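Student: give me coordinates for this.
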Amino acid sequence: ALNSLSIKHSNSLEIINALRDHVEFSKLRVGDKLSALFDGQDKLLEFVFINNPAEKHILQKDTVTKKWKYIFVQEETQWKTRLVKGQLKAGSTLQNQLVDSGLKRSVAAEIINILLCKVHFRIDARENDEYTVLLKERHYKNTVLQSKVLYTNYKGKRAGFNEAYYYEDDTQKSTFTAHYTENGEALIRSGLRYPLKGLHIRSGYGFRRHPVTGHRKMHRGVDLRARRGSPVYAVARGKVIESKFSKYAGNKIAIRHADNSVSYYLHLKKRFVKKGDRIKSYQQIGQVGATGRVTGPHLHFGFKKPNGRWMNPMHKRMIATPKLKGKKFARLQDQISIIKSKYEKLSDALVAQNRLPASNEKTF
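Tutor: Alright, predicted model coming up:
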């Protein structure tokens with residue numbers, strides 16, 4: 001994409017390295033906008049990346065230091081709460097009905113994935129089953145930029161009554177931010193955890209231009225943004241099979257798990273475990289660093305299948321914790337109270353309007 005703007009290879013690497021802590025390149029999608037400003041000698045002066053109409057990521061070349069200056073510009077947006085209620089129709093699916101109600105397919109798919117942890121739709125879904133979704137949507141002009149599923153439930157004769165609440169942690173991009181039951185149980189079908197408390201992918205899995213050498217090479221893992229010294233956790237219990245320093249990987253730890261898969265943690269500042277140690281799930285094993293061949297502090301996280309082949313770690317179903325406890329559980333309860341209040345307010349508005357339940361929805 002940068003090459004299509006006639007940006008030189010050396011400038012491309014500079015731009016990627018300058019933006020990777022602010023933009024997750026693994027989430028680039030069709031429609032994102034790129035622009036470049038050159039002087040009369042075709043030297044790049046400014047680069048702008050836009051992935052939604054209300055936000056701009058700008059890089060400007062400092063004429064004195066010759067370094068890139070990062071500027072983030074954000075337009076004013078408005079959050080609105082929306083309630084969607086309905087009944088399952090004969091010959092239809094919940095996903096299709098959610099899309100027909102005006103939700104994006106990605107949002108409808110998220111709702112289905114939440115409920116799948118409790119409802120087996122292929123076996124238990126029946127005509128006239130009832131569903132409810134409470135959304136918080138971020139608006140800019142006439143466009144919905146972002147949607148959060150605050151609450152959803154599904155009620156049926158075979159499926160029973162199942163509901164889920166959205167928990168938002170106090171740390172940005174926290175891996176604890178997810179959907180839970182009212183008693184704090186995480187709605188996900190795997191107990192595998194994340195290696196960091198926050199999740200921002202600086203560089204994804206697959207072929208890429210190496211940020212140091214500039215050569216195109218297979219990246220057998222993901223680089224996760226984190227501050228130097230941040231705790232690094234084991235994603236599952238297992239046995240340490242490597243804990244050493246190497247020229248390129250820096251301080252490195254590898255853990256073999258019960259199914260013979262292996263997780264890898266590279267460029268660590270410190271290692272707190274040694275080869276042969278038995279590790280518990282989510283035990284701290286080290287600290288984020290910048291050892292080895294790197295451009296700055298981050299965690300390279302890799303994963304091998306039981307057959308020894310590398311895989312994209314982000315394709316593993318992961319979550320920070322199977323159940324919230326302590327302060328996080330108390331925070332969940334506070335958020336549930338707010339969600340229930342919003343739900344009741346919008347439900348009362350729907351009743352007052354006497355609208356049909358099959359197409360009920362309300363924006364507030």
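Student: so what would you say the end-to-end distance of stretch 243-252 is?
Tutor: Stretch 243-252 has its terminal residues 6 Å apart, counting by C-alpha to C-alpha, to the nearest Å.
Student: oh, that last question was meant for stretch 243-256, not what I typed.
Tutor: The first-to-last residue distance of stretch 243-256 comes to 12 Å (C-alpha to C-alpha).
Student: so which bits of it are buried?
Tutor: Going by neighbour count (16 or more other C-beta atoms under 10 Å), the buried part of stretch 243-256 is 243, 249-256. Glycine gets a C-beta too; all of them are placed from N, C-alpha and C.
Student: equivalent analysis for stretch 295-310, please.
Tutor: Using 16+ other C-beta under 10 Å as the test for burial, stretch 295-310 gives 297-304, 310.
Student: quick revisit: farthest-apart pair in the buried residues of stretch 243-256, please.
Tutor: Of all pairs drawn from the buried residues of stretch 243-256, the greatest distance, 20.6 Å, lies between 250 and 256 (C-beta to C-beta).
Student: now stretch 22-39, how far from the centre of its chain.
Tutor: Between the centre of stretch 22-39 and the centre of its chain there are 19 Å (C-alpha atoms, centre = their mean, to the nearest Å).
Student: just the mean pLDDT for it, thanks.
Tutor: Across stretch 22-39, pLDDT averages out at 89.
Student: now swap in stretch 272-284 and tell me
Tutor: In this model, stretch 272-284 has a mean pLDDT of 94.
Student: longest helix of the protein?
Tutor: helix 326-353 (DSSP state H).
Student: that one packs against which elements?
Tutor: Other helices and strands packing on helix 326-353, by 3 or more C-beta pairs under 8 Å, 6 or more residues apart in numbering; DSSP states H and E, are strand 78-87, strand 130-140, strand 143-156, strand 160-167, strand 360-363.
Student: hang on, the earlier thing: can you tell me which of the buried residues of stretch 295-310 is nearest residue 97?
Tutor: residue 303 (36.6 Å).
Student: what pairs with that closest one across the strands?
Tutor: Beta bridges link residue 303 to residue 263, residue 311, judged by DSSP bridges.
Student: how about the contacts made by it?
Tutor: Listed by C-beta atoms under 8 Å, 6 or more residues apart in numbering, the contact partners of residue 303 are 221, 261-264, 310-313, 316.
Student: neighbours of the closest residue to residue 53 other than its chain neighbours, how many?
Tutor: Among residues not flanking residue 53 along the chain, residue 140 sits closest, at 5.6 Å (C-beta to C-beta, 6 or more residues apart in numbering). Residue 140: 17 surrounding residues under other C-beta atoms under 10 Å.
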